[in-house]
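Peer 1: sequence and predicted structure are below.
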Amino acid sequence: MQLSDQGYRIQGVDVLAIADQFGLPLYVYDADKIIEKIGLLRSSFSGVNLKIKYAAKALTNVSILKLMRQQGVEMDSVSVNEARMGMLAGFEPEQIMFTPSGVSFDEIREAVDLGLQLNVDSLPLLEWVGQTYGSSVSVSIRINPHIAEGGNIKISTGHADSKFGISILQRSAIRALAERYQIPVVGLHIHTGSDFKNANAFLKGAEVLFDLATDYPNLRFIDFGSGFKVAYKDGDHVTDIVDLGAKVSDAFQRFCHQYGRDLELWFEPGKFLVSECGHLLVKTNIVKENPSRTFVAVDSGLNHLIRPMMYDAYHDIKNISNPQGPEHTYTVVGYICETDTFATDRPLPEVRPDDVLSFENAGAYGFSMTSTYNARFRPAEVLVYEETAYLIRQRDTLADLLRGQEIIDFEELTTKLVNAG
Ligand SMILES: *Cc1c(COP(=O)(O)O)cnc(C)c1O
């Protein structure tokens, strides 16, 4: 989104006009931003067979999945339903990695029946796969390398106490199971959580997998997961993708040489591909001046964007209907009957009732974490593609909130019971 003399624009399309056309609150995504990120990731790696597996949980709209596919990106899923959406978007099942964490064997069976690439997250699951399928289903193994890096403890998944992956200390147990059941191990995987600041964490993880790879002569790929840090405000430290690409490419080439074969190098970015593309547009309901603070209450809340409340995430806010207004300090809150503060003491151009605000970097884990709490509708979603805004999901309606509810008629029931008695 760019500010010009004619206001805020996405690919030249006026954002306020989009808000008028589709109503508020509204998620708006910029396809060009996604395409730019894919290009940046690709161009940062050289001399390796890179595959990008978009982590669909970040933003799961089928039109977004189709855009990824059109751009030659494949998919990582954490549930069978996500994978089914990917198949609806046109992905072949074998292009979809299934990385479950603690799901039921029934769901694993469904994934295998669909033909997804299974990524095994525990020794009991590996044993079950061996007992159930013998040598007929190939797997990738998710390793916990015990590397503590990254930001928030809630999104850090590679440390020793994390629930994710099989500990590298259980290396011999993994191998024993694979040998006992003749399970074809075709991939090794780590996903050490979000928000790495530099290439070192990846390289440390890479060394663990390169060493482990000597146990498995039939590998097809090594998957480095994700955890790229993106900028949420000016001056934020971000993962230097170009530097990371150069260093990891180099290390990977040397590894392939030793291994004796060229393997595929996989990454599974979610946030990196879709965070920046997304804007949550909301309307100001009330500006309330308390003695100590001025509150701005908007027609949205933790039901539409929970990251500020759940992870203390910072989201830049723009007043797009009064960008040149004099600056004041505001605490921006939602309309949910919970404390749902988006931002505390934030300087913004003067906010008036009915002003349109935009929460930036709302593409990843924005819509995909929405709920209908307080019986509120989830927003509509719009994708701007080649200078045109397309509706890719309608706003909820009351019928959506009621769908599936079976309503008991207590009066009729009472009459029946009395008659029967
Ligand atoms: C969530 C997830 C990702 C994506 O993480 P980001 O921080 O959004 O890039 C990648 N791989 C797996 C297995 C995940 O669960």
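Peer 2: All right, it came through fine.

Peer 1: now L24, nearest residue through space, not along the chain?
Peer 2: Distances taken as Cβ to Cβ, 6 or more residues apart in numbering place K283 nearest to L24, at 4.6 Å, with adjacent residues excluded. Bear in mind the C-beta positions are built from the backbone N, C-alpha and C, glycine included.

Peer 1: neighbours of that neighbour, just the number please.
Peer 2: 18 (other Cβ atoms under 10 Å).

Peer 1: ok, C277 next?
Peer 2: 27.

Peer 1: quick one: the residue nearest to L24 is in a strand?
Peer 2: Yes: remark: K283 belongs to a strand, assigned using DSSP: H, G, I helix; E, B strand; the rest coil.

Peer 1: separation between it and C337?
Peer 2: Remark: distance between K283 and C337 (Cβ to Cβ, to the nearest Å) = 19 Å.

Peer 1: in a helix, that's where F272 is, yeah?
Peer 2: Yes: applying three-state DSSP, one finds F272 inside a helix.

Peer 1: looking at the residue nearest to L24 now. What's its pLDDT?
Peer 2: pLDDT for K283: 98.

Peer 1: looking at it, it is touching G23, isn't it?
Peer 2: No: using Cβ atoms under 8 Å as the test, K283 is too far from G23 to be in contact (9.4 Å).

Peer 1: beta partners of the residue nearest to A31 when sequence neighbours are not counted?
Peer 2: Leaving aside its chain neighbours, A31 sits nearest to Y385 (4.2 Å; criterion: Cβ to Cβ, 6+ apart). Beta-bridge pairing of Y385 under DSSP bridges involves T388.

Peer 1: ok, so what distance separates Y385 from G270?
Peer 2: From Y385 to G270 the distance is 20 Å (Cβ to Cβ).

Peer 1: so these two - more neighbours on which side?
Peer 2: More crowded of Y385 and G270, by other Cβ under 10 Å: G270, with 23 against 18.

Peer 1: isn't A178 up against V129?
Peer 2: No: using Cβ under 8 Å as the test, A178 is too far from V129 to be in contact (9.8 Å).

Peer 1: check which residues of stretch 30-45 are buried.
Peer 2: 30-31, 33-35, 37-38, 41, 44-45 (16 or more other Cβ atoms under 10 Å).

Peer 1: which ones among these map onto helices?
Peer 2: 31, 33-35, 37-38, 41, 44 (DSSP state H).

Peer 1: tell me who's in contact with whichever residue of the chain sits closest to the ligand.
Peer 2: Using Cβ to the nearest ligand atom, the closest approach of the chain to the ligand is made by G270 at 2.7 Å. Neighbouring residues of G270 by Cβ atoms under 8 Å, 6 or more residues apart in numbering: 54-59, 226, 364-365.

Peer 1: the residues you listed also near the ligand: which ones?
Peer 2: 55, 57-58, 226, 364 (Cβ under 6 Å from any ligand atom).

Peer 1: just the buried residues of those residues.
Peer 2: Using 16+ other Cβ under 10 Å as the threshold, 55, 57-58, 226, 364 are the buried ones among the ones next to the ligand among the contacts of G270.

Peer 1: okay if I get these as JSON lines plus secondary structure and distance to R352?
Peer 2: JSON lines is the format used below for those (DSSP: H, G, I helix; E, B strand; the rest coil; distance: Cβ to Cβ, whole Å):
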{"residue": "A55", "secondary structure": "strand", "distance to R352": "39"}
{"residue": "K57", "secondary structure": "helix", "distance to R352": "37"}
{"residue": "A58", "secondary structure": "helix", "distance to R352": "34"}
{"residue": "S226", "secondary structure": "coil", "distance to R352": "40"}
{"residue": "A364", "secondary structure": "coil", "distance to R352": "30"}
